[in-house]
Structures are given as C-alpha cells and as structure tokens.
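*Asks:* Here is a sequence with its predicted model. Questions after.
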Amino acid sequence: MSQEIWSDVLGYVRKNITEVEYHTWFAPVKNLGVQDGSLVLGVRNSFAQEWFRKNYLRLLEDALRSLGAQDPQVSFQVLPAAQDALLLPSDPPPPPSVPAPRAPAPTFTENRKVLNPKYTFENFVVGPNNNLAHAAALAVAESPGKAYNPLFIYGDVGLGKTHLMHAVGHYMLERFPGKRVEYVSTESFTNDLINAIRDDKMTQFRNRYRSVDLLLVDDIQFLAGKERTQEEFFHTFNALYENHKQIILSSDRPPKDIQTLEGRLRSRFEWGLITDIQSPEYETRVAILKMNAEHNRIDIPQEVLELIARQVTSNIRELEGALMRVVAFSSLNNVPFSRAVAAKALSNVFAPQEVKVEMMDVLRQVAAQFNMPPDVIRGSGRVREVVQARQVAQYLIRELTDHSLPEIGQFFGRDHSTVMHAISKVSEQMGKDSELTAAVDLLRRRMKGQDDEDSDA
Ligand SMILES: Nc1ncnc2c1ncn2[C@@H]1O[C@H](COP(=O)(O)OP(=O)(O)OP(=O)(O)O)[C@@H](O)[C@H]1O
C-alpha cells in the first residue's frame with residue numbers, strides 16, 4: 001500500500017514541477033515505505049538529500065496533506081549503493097521534447113503485458129449486479145467463438161467491464177498460451193487506424209487486428225460519429241466473426257442507444273449476447289473491499305470496510321480509491337484503523353458521516369493501545385494489565401455507546417455487576433493514575449475522531 005501512497009505523491013509532485021525536474025530528481029527516488037507516520041525516501045547521495053530538504057520538502061508535505069496527512073512527515077535516507085562521491089544525480093534528464101519511439105505491434109509473448117494482471121476471474125467478486133455478465137464472460141472464455149459472439153457488456157463507469165474482458169483474455173492465454181489476444185480501447189483503435197493511413201501501413205494494421213483469436217474492444221460507444229473507423233471496424237469484425245474468433249465489446253450503453261452508429265454495425269453487435277453490469281449492492285461492495293485489503297495484505301477491521309462500503313455506493317474504482325485513502329490516512333498519521341479515522345479520511349471527498357461508536361470499535365482501539373489482542377481482553381485472564389485493559393474497555397463502551405450494562409456484560413461474557421465494578425474502578429483511578437488518564441483521554445478522542453496531531457501518547 002505504501003507504493004500506492006508513493007504513486008499518488010508522485011502524481012501530485014509531477015503536476016507541480018517541470019518534467020525535467022521530475023526526471024532529474026524524483027524518478028530515481030526509492031520509496032522505502034511509511035515508518036511511524038513518516039514517508040521514508042531513499043535518495044542516491046547526500047547531495048540529493050540536501051537538495052530535497054531544501055527544495056522539495058514543502059512540495060512533498062503538501063502532497064501528503066492532499067492524501068489526508070494532518071502533520072505530514074518526510075524523511076530521507078541515502079541508499080547504501082550510492083554512497084560514492086557523486087555530487088550530482090547520475091541520471092541525466094531526458095531531452096524534454098523527443099517523441100517516444102512508436103512501439104511495434106505486440107508479438108505473441110507480449111500478449112499478456114497488455115492485460116492487467118489483477119483483472120482475472122479469481123479477483124472478480126460476483127454479486128447480483130454482475131452475475132449475468134460474469135457467467136457470460138466465463139462461458140465465452142470456455143468456448144471462445146462458440147458460446148456468444150460477440151459478447152457485448154455495458155454499464156456505467158468503473159463497474160468492472162474492462163476487468164471482465166481482461167479476465168477472459170487471461171483465461172484463454174492460460175489454457176492456450178499460443179493464442180493471440182488483443183485488447184484495445186476504441187480510442188487506440190482509431191489512433192492506430194489514423195497512423196496506418198498516414199504511414200501507408202494499412203496492410204499491417206489489418207493483419208494485426210484480423211489475425212487475433214480474441215479481440216477485446218473497450219468503450220465501443222466512441223465509434224459514434226467516426227465513419228472511417230466504423231467502416232474499418234466493420235471489416236475487422238466480419239473477418240474475425242467468419243473465422244469463429246471471439247469478439248468482446250464494452251460500452252457505457254447498449255448498442256441501440258449509441259447514436260450515429262451505422263445500422264449494419266449495430267445489428268452485428270446484437271448478434272451475440274448483450275449483458276449489463278449494474279452498481280454493486282452493499283454486500284458486494286464489502287466483499288470487494290475485503291478482497292482488496294487481503295490482496296494488499298492490509299489488516300483492516302470489518303466495520304471499517306463496512307463504513308467505506310456505505311460511503312461509496314456506485315463506482316468500484318471510487319470504492320477502491322476510498323480504501324486507499326483510508327489506508328494512507330491511517331499510516332501517514334500513524335493512527336490505527338477505526339471507523340472514526342475512516343470517516344475522517346473520507347470527509348474531504350464525500351459527505352461527512354455521523355459515526356456511531358460500536359463496542360467492537362472500542363475493544364479494538366483499547367487492544368491497540370494496551371498492545372494485546374482483543375480476544376485476550378475479552379477472555380478470562382486475570383493478569384493485572386489484562387484486567388485493567390478490560391475495565392477501560394468497559395468504561396469507554398459505557399461512555400461512548402448506548403449499550404446497557406447487561407449488554408456490555410454479555411459482550412465480555414460477564415454479568416452486569418462486573419461491568420459496574422469496572423466502571424467505578426476506572427473512575428476511581430482516573431485522576432490518580434496519570435498514565436491511565438492520558439490513555440483513556442487519547443482513546444476517547446480517537447473514538448470520537450478528534451485525534452489529530454497528538455497520536456503518540
Ligand atoms: N466485481 C468486481 N470484483 C472486484 N473488483 C472489481 C469488480 N468490478 C470492478 N472491479 C474493480 O474496479 C475497478 C474498475 O473496474 P473497470 O476498470 O473494469 O471498470 P469499467 O467498467 O471498465 O470502467 P470504465 O467504463 O471507466 O472503463 C478495477 O480496479 C476493477 O478491478
């Protein structure tokens with residue numbers, strides 16, 4: 001996840017400096033992760049370290065602030081291999097305006113590179129919103145060119161159309177590594193066509209698109225109004241179709257709603273199966289977040305995922321972005337995950353949510369503060385530290401939630417009189433024991449989402 005923080009920081013930085021500066025200074029920097037709330041960056045030599053401190057510290061802090069860091073911290077480390085006497089960053093800046101050489105058409109072995117490795121069937125959470133599209137994609141993957149051709153998937157932005165298309169590509173390449181899979185956005189198809197016409201390379205263009213086993217075309221609605229591209233795509237389509245090659249198209253709307261699409265193309269798009277993806281339901285959103293967290297090895301409590309899933313309802317890309325924001329916020333401010341922290345991290349982007357504190361929240365926060373597992377606190381251990389943590393948890397639950405004494409007792413597997421005793425014990429110790437008082441105060445602020453700067457008490 002720290003890699004995601006770093007790429008967001010780089011994105012911010014890049015918008016605020018020149019390309020030459022960026023390539024000179026930022027491209028060689030190594031992200032060393034977030035430690036105790038501080039973003040640690042590896043630089044090549046002490047000169048670079050000084051230069052960063054003098055010239056870019058502010059910018060980096062602003063970048064972290066934009067990700068939710070309240071008190072952004074950046075530190076630099078000179079990377080061991082570079083502790084030579086170099087006084088200047090060793091990568092010369094690239095000439096600013098030399099156009100990149102045009103990539104040659106992908107070869108068989110390059111097939112997989114154009115597919116996003118994350119977009120597989122295994123990583124696709126199936127819910128009522130997408131099960132038909134998923135089943136159709138799977139059927140096509142199993143019998144390409146036979147089940148449904150073309151497969152036309154439509155739905156709003158960020159709902160998984162591209163993911164499903166790539167999943168078919170991965171599936172096919174896994175089973176038949178020699179097959180040719182081509183994934184292209186309608187925009188790139190159009191640009192390729194324009195370049196081919198300009199460079200007099202129509203034969204190569206046609207060979208490239210007409211010799212594939214699986215053609216995936218994203219955002220086909222952009223064919224609207226482009227007559228020459230429609231004409232060329234029509235012939236590509238026919239060539240593939242006649243040879244029983246599979247075609248999958250995605251769009252933000254069904255073929256009948258794509259304006260100025262030639263009738264002969266529209267009818268071809270309707271030959272196979274048209275299926276849609278809707279916005280995911282709450283349970284599917286939670287499952288997607290859970291899978292994402294697991295993939296990134298982030299241990300984040302279920303109730304925090306639930307809060308994020310309630311907040312972002314319609315677009316999965318935004319849902320993933322929200323998770324990332326919460327993770328960045330908590331690591332950059334060095335505070336453990338909680339619903340209050342998540343609500344705060346998201347409050348700049350989404351309408352603020354009233355967060356009702358729940359028993360589990362309190363237990364987890366107390367566990368983090370006292371450095372012991374939640375189950376130990378709820379267990380039957382009689383060690384002094386454990387008993388104290390248990391009493392603090394019961395005290396704070398009583399204060400911060402509407403639960404009754406018997407309910408709290410039940411949560412801890414005890415009766416209400418034990419909870420009463422715990423509450424009076426903590427009240428009595430507060431004021432006498434300054435360490436305990438500070439811990440309870442900090443926990444209380446954290447749970448109410450008021451814990452900003454003072455997080456290391
Ligand atoms: N069912 C799902 N399970 C897991 N992740 C999903 C699911 N659906 C979408 N995603 C994730 O959501 C993000 C957006 O998905 P994708 O790019 O496929 O959307 P799209 O519908 O093609 O959007 P656009 O119209 O903007 O191209 C991706 O990171 C994708 O992995």
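*Replies:* All right, it came through fine.

*Asks:* what residues are up against the residue of the stretch 51-200 of the chain found nearest the ligand?
*Replies:* Residue nearest to the ligand within the stretch 51-200 of the chain: G160 (2.6 Å; CB to the nearest ligand atom). Backbone N, C-alpha and C define where each C-beta goes, glycine included. Contacts for G160 (CB atoms under 8 Å, 6 or more residues apart in numbering) come out as F124, N130, A133, I277, I316.

*Asks:* how about a cut-off of 10 Å?
*Replies:* 119, 124-125, 129-130, 133-134, 137, 153, 167, 250, 277, 280, 288, 316-317 (CB atoms under 10 Å, 6 or more residues apart in numbering).

*Asks:* same check, this time on D299
*Replies:* Contact analysis of D299 by CB under 10 Å, 6+ apart lists A293, F337.

*Asks:* separation between it and the ligand?
*Replies:* 19 Å (CB to the nearest ligand atom, to the nearest Å).

*Asks:* Would you mind measuring from the residue of the stretch 51-200 of the chain closest to the ligand to T313?
*Replies:* Using CB to CB, to the nearest Å, G160 is found at 15 Å from T313.

*Asks:* three-state assignment of I247?
*Replies:* Classification of I247 using DSSP: H, G, I helix; E, B strand; the rest coil returns strand.

*Asks:* Which residues does it form beta bridges with?
*Replies:* L215 (DSSP bridges).

*Asks:* Now the element after the helix-or-strand element of the chain with minimal mean pLDDT, going C-ward?
*Replies:* Counting by mean pLDDT, DSSP states H and E, the chain has its least confident helix or strand at helix 19-21, which shows a mean of 82. Helices and strands here follow DSSP states H and E; after helix 19-21, the next one along the chain is strand 30-35.

*Asks:* Wait, a strand at Y154?
*Replies:* Yes: according to three-state DSSP, Y154 belongs to a strand.

*Asks:* A136 is in contact with that one, correct?
*Replies:* No: Y154 is beyond contact range of A136, at 11.9 Å (criterion: CB atoms under 10 Å).

*Asks:* what touches both of these two?
*Replies:* Between them, Y154 and A136 share the contacting residues I274, T275, judged by CB under 10 Å, 6+ apart.

*Asks:* Poorly predicted segments of the protein, please.
*Replies:* The chain contains residues with pLDDT under 70 at 1, 81-113, 351-355, 449-457.

*Asks:* And it, split by domain according to the record?
*Replies:* Listed by the TED database, the domain ranges of the chain are 1-78, 121-276, 282-347, 359-448.

*Asks:* buried subset of the contacts of G160?
*Replies:* 119, 124-125, 129-130, 133-134, 137, 153, 167, 250, 277, 280, 288, 316 (16 or more other CB atoms under 10 Å).

*Asks:* And these, which is closest to R297?
*Replies:* Using CB to CB, I288 is the member of these that lies nearest R297, at 16.5 Å.

*Asks:* In this model A309 seems to touch the closest one, though I could be wrong.
*Replies:* Yes: under the criterion of CB under 10 Å, I288 is in contact with A309, at a separation of 8.2 Å.

*Asks:* shared neighbours, those two?
*Replies:* With CB under 10 Å, 6+ apart, I288 and A309 have common neighbours P280, L319, L323.

*Asks:* Is the last one in contact with A309, as I believe?
*Replies:* Looking back up the chat, that one is L323. Yes: taking contacts as CB under 10 Å, L323 lies within contact range of A309: 9.4 Å.

*Asks:* And these two? Which one has more around it.
*Replies:* Ranked by neighbour count (other CB atoms under 10 Å), L323 and A309 place L323 first, with 28 against 23.

*Asks:* so which strand or helix has that one?
*Replies:* helix 316-332.

*Asks:* Measure how the following helix or strand past that helix sits relative to helix 316-332, angle-wise.
*Replies:* Reading on from helix 316-332 to the C-terminus, the next helix or strand found by DSSP H and E is helix 339-346. In terms of direction (axes from the mean of the first three to the mean of the last three CA atoms, to 10 degrees), helix 339-346 departs from helix 316-332 by 110 degrees.

*Asks:* List the buried residues in the very next helix or strand once past helix 339-346.
*Replies:* For helix 339-346, the following helix or strand on the C-terminal side (DSSP H and E) is helix 359-370. Judged by neighbour count (16+ other CB under 10 Å), helix 359-370 contains these buried residues: M359, D361, V362, L363, R364, Q365, V366, A367, A368, Q369, F370.

*Asks:* related to what we said a few turns ago, which of the shared contacts of I288 and A309 sits closest to R264?
*Replies:* P280 (35.1 Å).

*Asks:* State whether the closest one is indeed within a strand.
*Replies:* No: according to three-state DSSP, P280 belongs to no strand; its state is coil.

*Asks:* got the contact list for it?
*Replies:* 125, 127-130, 159-160, 286-288, 309, 313-316, 319.
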